[in-house]
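1. need a structure here:
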Amino acid sequence: MHQGTYQPPTQFSVFPPVIKNLLILNGLVFMAQIVPSTNAMLITWFGLWPLGEPPIIGQGQFWPWQLVTYGFLHGGFSHILFNMFALWMFGVQIENTWGSQRFAVFYFATVIGAAVLQLIVATMSPGWYPTVGASGGVFGLLLAFGMMFPNQPIYIYFLFPIKAKWFVVGYGFLELVGGVSGSSTVAHFAHLGGMFFGFLLIQYWRGKLPIKPAQRMYW
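-> As a prediction, this is how the structure comes out:
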């Protein structure tokens, strides 16, 4: 397959298995979050808290499972809507190309990688809050999409086309600026972590790193 083009497989699915299950699970968890008491419990135990002592006593502490579970929690309707739409939009072509098993490994690797970088940054920053959201995995998928289909147009606000490779570069730059400036409550470094670890995993699968895979990935 030539870089920059996409030929759908014979059995292309609009809702392949992993994406479909991720959408369902995220939706069910969000429905549970609508109940305030349940939401508080979920955030306390399953949101991503910093290493060491919690910043505010009684609001949670770090547990290993949070490296994955934070990716199923969201901060509001617009948060989950954006993440799930992006998960579907960028993930469909990737899962249909890679297959469900490789796609699942990539998605959860970027979710965990995003959490690791966020923990490193947030643990060193005072007054940190728990991180929630699937954005780390979504940004990993965005990076993969830009590498696999660099010339495929992405329509900003459904009107303005921009090639995927430039969209990824631009979005990554904005996340870096946002993370360094610390001007918002958005977990910019989690987004960057998803992209960074996604890039490393793809390069490993392609045999571009010193450690080689048993079988290289081509597209």
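2. ranges for the helices of this protein?
-> Using DSSP state H, the helices of the chain run over 17-33, 36-46, 66-69, 77-98, 100-123, 135-148, 164-181, 188-205.
3. who are the contact partners of the residue most central in space within the chain?
-> Nearest residue to the geometric centre of the chain (Cα atoms, centre = their mean): Gly137, 1.6 Å. Contacts here follow Cβ atoms under 8 Å, 6 or more residues apart in numbering; on that basis Gly137 touches Gly71, Leu87, Tyr107, Phe108, Thr110, Val111, Ala114, Gly194. C-betas here are computed from N, CA, C, even on glycine.
4. can you give me the pLDDT of Thr5?
-> Looking at Thr5, its pLDDT reads 42.
5. what does Ser183 give?
-> With respect to pLDDT, Ser183 has a value of 54.
6. what does Tyr129 give?
-> Reading off the model, Tyr129 has pLDDT 75.
7. with Lys165 instead?
-> 85.
8. any idea how far it lies from Leu143?
-> 10 Å (Cβ to Cβ, to the nearest Å).
9. out of these two, which sits in the more crowded spot?
-> Leu143 (25 against 17; other Cβ atoms under 10 Å).
10. thought that one was touching Phe199?
-> Yes - here Leu143 reaches Phe199: they are 5.8 Å apart, a contact under Cβ atoms under 8 Å.
11. ends of stretch 149-165, what's the gap?
-> 8 Å (Cα to Cα, to the nearest Å).
12. buried residues, it. List them.
-> Phe149, Pro150, Gln152, Ile154, Lys163, Ala164, Lys165 (16 or more other Cβ atoms under 10 Å).
13. one more: stretch 41-60?
-> Leu42, Ile43, Phe46, Gly47, Leu48, Trp49, Pro50, Pro55, Gly60.
14. scan the contacts of Gly137 and report the most crowded one.
-> Ranking these using other Cβ under 10 Å puts Ala114 first, with 34 neighbours.
15. give me the neighbour count for Trp65.
-> Neighbours of Trp65 (other Cβ under 10 Å): 10.
16. and Phe15, by the same measure?
-> Phe15: 13 neighbours (other Cβ under 10 Å).
17. next, it: phi, psi?
-> phi -130, psi 80 (degrees, to the nearest 10).
18. ok, the nearest residue to Trp98 once chain neighbours are set aside to Ile19 distance?
-> Closest residue to Trp98 apart from its sequence neighbours, by Cβ to Cβ, 6 or more residues apart in numbering: Phe106 at 7.3 Å. Phe106 sits 12 Å away from Ile19, going by Cβ to Cβ.
19. list the contacts for Ile154?
-> Ile154 neighbours (Cβ under 8 Å, 6+ apart): Pro161, Ile162, Lys163, Ala164, Phe167.
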